[in-house]
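K.L.:
my questions are about this predicted structure, shown below with the sequence.
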Amino acid sequence: MAHCISAEAEEILDKEFKVLDKGFIRLVDYLGTDERIVQSARVSYGEGTKTYRENAGLIDYLLRNRHTSPFEQVVLTFHIKMPVFIARQWVRHRTARLNEISGRYSVMKDDFYVPENNDISPQSQDNRQGRMTESFDSAKSNSIRETLIEGQRESYKEYTNLIEKGLARELARINLPLSIYTELYWQIDLNNLFHFLELRMGAHAQKEIRLYAQVLFNITKHVAPQACTSFENHILGSTRFSKQELAELKRRLFSKDGTPVLEERALERFEEKLK
């Protein structure tokens, strides 16, 4: 099959999926589906050479054993609107192609992210880069929220005043806060998208980028549902063991006399996963 089409993906093309208060993600285009992964892995052509179950089994095997090159055959392009502070985390993933709106050429829009009260929380005492799960009380959250809004309002007012005075846009923008929204086109293959999602859907990621990652994943399910199922089963929320950790884990699976602590079939399944 020369060209793979997903009916589910076609239905959501160019549809905006809201994230945060003013952000969104749109699937602009895609190249390949689960079928392309299977074709690439088998280096064969033609639709229907294997059953749906066999195809799903092959995709599951490939992902479980980190045979990743067939997943690179699937490419997705997104249009994303996000706050600048999220975009700066986003571009840490250097395995994608992107083009971002330029404040040198365009006047930035009066769009700023304002967190909801339940997301306004103190600094965590044991995580230097994160917040506590508990938010401030309602009165303090409202006060902080108003401070954020006022700061955004003033900075944008100063920005527009500088532009009206004739200052170059590339200089007028430099005092705008990280909460201002930016937009970009982001193209990435499925293998590297899974790397992104593994990190950004994780519990240690900032909440705002986790919300974007979850929407990305939900959209990707329309393009490659079998691959996404395998990703959920074998990568998302999983962990890896060091050589020493694995040795200790194996030791604890057996009693002192060498008999398995687990029933035999459960032990076999564990050993199969280690291969």
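P.N.:
Cool, the structure landed. Keep in mind the model is a prediction, meaning the values are calculated, not measured.

K.L.:
okay, CA-based contacts and neighbour counts for the rest of this
P.N.:
Fine.

K.L.:
hey, which helix is longest across the chain?
P.N.:
Looking across the chain with DSSP state H, the single longest helix is helix 138-164.

K.L.:
what comes up buried for the helix or strand that that helix is followed by?
P.N.:
Going down the chain from helix 138-164, the next helix or strand is helix 169-172, by DSSP states H and E. For helix 169-172, the neighbour count (16 or more other CA atoms under 10 Å) marks 169, 172 as buried.

K.L.:
quick revisit: which positions in the longest helix of the chain come out as buried?
P.N.:
For helix 138-164, by 16+ other CA under 10 Å, it's 141, 144-145, 148, 152, 155-156, 158-160, 162-163.

K.L.:
need those in JSON lines with pLDDT and distance to Ser238, can you?
P.N.:
Below are the buried residues of helix 138-164 laid out as JSON lines (pLDDT from 0 to 100; distance: CA to CA, whole Å):
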{"residue": "Ser141", "pLDDT": "95", "distance to Ser238": "35"}
{"residue": "Ile144", "pLDDT": "96", "distance to Ser238": "37"}
{"residue": "Arg145", "pLDDT": "96", "distance to Ser238": "36"}
{"residue": "Leu148", "pLDDT": "97", "distance to Ser238": "37"}
{"residue": "Gln152", "pLDDT": "98", "distance to Ser238": "40"}
{"residue": "Ser155", "pLDDT": "98", "distance to Ser238": "43"}
{"residue": "Tyr156", "pLDDT": "98", "distance to Ser238": "44"}
{"residue": "Glu158", "pLDDT": "98", "distance to Ser238": "48"}
{"residue": "Tyr159", "pLDDT": "98", "distance to Ser238": "46"}
{"residue": "Thr160", "pLDDT": "97", "distance to Ser238": "48"}
{"residue": "Leu162", "pLDDT": "98", "distance to Ser238": "51"}
{"residue": "Ile163", "pLDDT": "97", "distance to Ser238": "50"}
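
K.L.:
end-to-end on stretch 108-122?
P.N.:
In stretch 108-122, first residue to last residue: 30 Å (CA to CA, to the nearest Å).

K.L.:
quick one: contacts of stretch 164-184?
P.N.:
Stretch 164-184 is contacted by residues 23, 79-85, 87, 98-101, 103-114, 152, 155-156, 159-160, 162-163 when judged by CA atoms under 8 Å, 6 or more residues apart in numbering.

K.L.:
against Glu170, how distant is His67?
P.N.:
His67 is 45 Å from Glu170, by CA to CA.

K.L.:
likewise for Leu148?
P.N.:
Look at Leu148 and Glu170: by CA to CA, they are 24 Å apart.

K.L.:
one more: Leu76?
P.N.:
From Leu76 across to Glu170, the span is 31 Å (CA to CA).

K.L.:
the closest residue to Met132 other than its chain neighbours: how many residues sit nearby?
P.N.:
In this structure, Met132 finds its nearest non-sequential neighbour in Ser124, 4.6 Å apart by CA to CA, 6 or more residues apart in numbering. Neighbourhood size, Ser124 [other CA atoms under 10 Å]: 13.
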